[in-house]
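[1] Mind looking at a prediction? Sequence and model below.
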Amino acid sequence: MASKGKQFKEIINSKGLHLRPCAYDALSALLIQRAGFDIVGTTGYGISSSLIGQPDMGLVGYHEMLERTRTIVNAVDLPVDVDVDTGYGNALNAHWTTMNFARIGAASIRFEDQVWPKRCGHMAGKQVIPETEMLQKIKTAVKTRDTENPDMAIGARTDARTVNGFDDALQRAIAYAEAGADYVYVEAPQSLDEVEKLVDKVPAPLAFNVIPGGKTPPFTFEELESRGVSYVSVPMICLYPAAKAMVEALEELRHDRDIRKIAEMGVSWAEFNNLVGVNRWRRLEIEALSEEELIKNYGTSDLNEIIEKELAGTEKVWKK
């Protein structure tokens, strides 16, 4: 089987539009895989908000992002394309970031050209570093990648469109591709005409993102695909619906206290255990423990019986 990096490159270089739903933790990554997608992305905003409860404004650093990414990579079989912010500094930091994300199994990492501390690309007040400084980062990352894991992809993002205008964003996108980026992500183009010019001029697969309410106009996937866009991130696909569901469940608990209605708002005990692979761990336990230990723990050594007993005391109660 091809490495994760090769799989990722094959996907983004193949025909059609490829979606990158983004995970903010291992569970959301698992759900993306179960839904049948080919790639898992990571979302900086999602990780910042779920990890520290704060916005994406450079408050989560290199070590925290590395550890959260490691748990996401370990949770799935799919290639994981990682948002590594600015690389957390200059070209030397880009080297260190590339080396260590390669070692935890990232299929791809993407650098952006914002000033550190950065912020979500759809927020006001962001600034970009000089093009020459970003090119140093990309070239250093490519060189480091070639030593650590030649299959890993290097992505480059420019936030210049809403800071310096379209011409600068186009110039940067071309230069980043020529410096060795395997794909180029342009934040917030403002028209389909701009999208077409970028696809036509940039010698690498083009990526964009879709955030409801963000600075990018509400292009449809069909409009982007028909213009040759290769890759679209959907950063909040897991985070926003999850946040809404938690708000609604907590409101129900606070005001009406109807535990049966709350149970109906989410997945069941059995469904959740299935999502996180409880039965796989039960099988491992049966292989590892002696029959005597299993009987002591569960009253039986039969896997099906163990599962049935677990459900009998929980799942069936909520179906009355």
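    Perfect, thanks for sending it. This one's a predicted model, so the numbers in the text were calculated from it and none came from an experiment. Residues are numbered from 1 along each chain as shown.
[2] so where do the strands sit in this structure?
    Under the criterion DSSP state E, strands of the chain are mapped to 18-23, 40-42, 80-83, 108-112, 153-158, 183-186, 206-209, 231-234.
[3] where are the low-confidence patches of this protein?
    Residues of the chain meeting the criterion pLDDT under 70: 311-320.
[4] Which parts of it belong to which domain?
    Per the record, the chain has its domains at 4-235, 267-319, by automatic domain parsing.
[5] Quick check: which of these is nearest to Ala249?
    Ala249 sits nearest to domain 267-319 of all the domains of the chain, at 11.8 Å, using Cβ to Cβ. The way it works is simple: take the backbone N, C-alpha and C, and place the C-beta from them, glycine included.
[6] how about stretch 242-260: buried residues?
    Burial within stretch 242-260, assessed by neighbour count using 16 or more other Cβ atoms under 10 Å, is assigned to Ala242, Glu252.
[7] Off-centre distance for it?
    Stretch 242-260 sits 27 Å away from the centroid of its parent chain (Cα atoms, centre = their mean, to the nearest Å).
[8] List every C-alpha atom in that stretch, with coordinates, as PDB.
    C-alpha atoms of stretch 242-260 as PDB (Å, rounded to 0.1, in the frame of the first residue of the first chain):
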ATOM      1  CA  ALA A 242     -21.200  19.800  17.600                       C
ATOM      2  CA  ALA A 243     -21.200  23.200  19.300                       C
ATOM      3  CA  LYS A 244     -24.900  23.700  18.400                       C
ATOM      4  CA  ALA A 245     -25.800  20.200  19.600                       C
ATOM      5  CA  MET A 246     -24.100  20.800  23.000                       C
ATOM      6  CA  VAL A 247     -25.800  24.200  23.500                       C
ATOM      7  CA  GLU A 248     -29.200  22.600  22.800                       C
ATOM      8  CA  ALA A 249     -28.600  19.600  25.100                       C
ATOM      9  CA  LEU A 250     -27.400  21.800  27.900                       C
ATOM     10  CA  GLU A 251     -30.300  24.100  27.500                       C
ATOM     11  CA  GLU A 252     -32.600  21.200  27.800                       C
ATOM     12  CA  LEU A 253     -30.900  19.900  30.900                       C
ATOM     13  CA  ARG A 254     -30.900  23.400  32.500                       C
ATOM     14  CA  HIS A 255     -34.500  24.300  31.900                       C
ATOM     15  CA  ASP A 256     -36.700  21.200  31.300                       C
ATOM     16  CA  ARG A 257     -34.500  18.400  32.800                       C
ATOM     17  CA  ASP A 258     -36.100  15.800  30.500                       C
ATOM     18  CA  ILE A 259     -33.400  13.100  30.500                       C
ATOM     19  CA  ARG A 260     -35.200  11.000  27.900                       C
END
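[9] Residues touching it, excluding its own?
    For stretch 242-260, contacts defined as Cβ atoms under 8 Å, 6 or more residues apart in numbering pick out Ser28, Lys261, Ile262, Met265, Gly266, Trp318.
[10] Could you rerun that using 7 Å?
    Residues outside stretch 242-260 that contact it (Cβ atoms under 7 Å, 6 or more residues apart in numbering) are Lys261, Ile262, Met265, Gly266, Trp318.
[11] Neighbour-wise, give me the winner out of those residues.
    Ile262 (15 neighbours; other Cβ atoms under 10 Å).
[12] residues in contact with Asp77?
    Gln33.
[13] now it: how far from Cys238?
    From Asp77 across to Cys238, the span is 18 Å (Cβ to Cβ, to the nearest Å).
[14] Export the strands of the chain to TSV and append columns for distance to Glu305.
    Shown next, in TSV, are the strands of the chain (distance: least, Cβ to Cβ, whole Å):
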stretch	distance to Glu305
strand 18-23	35
strand 40-42	35
strand 80-83	37
strand 108-112	44
strand 153-158	47
strand 183-186	51
strand 206-209	48
strand 231-234	42
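[15] Where helices are concerned, which of the contacts of stretch 242-260 count?
    Secondary structure from DSSP state H places Lys261, Ile262, Met265 of the contacts of stretch 242-260 in helices.
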